[in-house]
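Novice: sequence isn't available, so here's the structure alone:
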């Protein structure tokens with residue numbers, strides 16, 4: 001099954017219209033190894049998609065458990081595809097996010113899961129986020 005068919009099925013599963021904008025955003029997110037900011041997505045989409053449509057698309061995808069958001073070193077929201085086990089009711093993005101201080105890319109390190117935590121009585125965690133800052137593999141190789 002090709003990616004477009006997978007994206008169409010994903011949209012159908014989440015009861016979302018299968019628009020060209022939504023499919024293109026999913027294609028872009030799938031094709032990058034790092035999370036992508038809204039401004040970068042705007043640049044990649046060009047004049048074909050206005051800012052409001054992109055904002056609504058990202059918000060809907062996040063609400064449905066299709067993507068997750070992580071902040072980069074400058075506090076800019078970046079988006080990456082969720083695992084197939086995420087849903088509208090439950091996200092499973094509890095993995096390490098790595099912020100490269102050289103290229104400023106944000107990487108999902110799915111292999112490193114955030115362990116369960118026990119909070120004091122009265123506290124209820126709704127989302128966990130673990131961020132590491134440093135030099136990514138690519139930048140490290142370039143530095144020699």
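Specialist: Looks like it came in fine. Because the structure is predicted, anything quoted here is derived from the model rather than measured. Numbers count the residues shown, from 1 in each chain.

Novice: in the protein, what residue sits furthest out from the centroid?
Specialist: In the chain, the greatest distance from the average C-alpha position (C-alpha atoms, centre = their mean) is reached by residue 121, at 31.1 Å.

Novice: state the distance from that residue to residue 10.
Specialist: 39 Å (C-beta to C-beta, to the nearest Å). In short, each C-beta sits where N, CA and C put it, glycine included.

Novice: distance-wise, check residue 105 relative to residue 83.
Specialist: Counting by C-beta to C-beta, the gap from residue 105 to residue 83 is 20 Å.

Novice: and the longest helix seen in the chain, average pLDDT?
Specialist: The residue-count maximum for a helix in the chain (DSSP state H) belongs to helix 51-64. Computed over helix 51-64, the mean pLDDT rounds to 94.

Novice: partners of the helix or strand that it is followed by, with directions?
Specialist: Counting by DSSP states H and E, the next helix or strand C-terminal to helix 51-64 is strand 67-71. Paired neighbours of strand 67-71 in the sheet (DSSP bridges): strand 77-81 (antiparallel).

Novice: ok, and what's touching the strand it pairs with?
Specialist: For strand 77-81, the external contacting residues (C-beta atoms under 8 Å, 6 or more residues apart in numbering) are 26, 29-30, 34-38, 41, 58, 61-62, 66-72, 106, 108.
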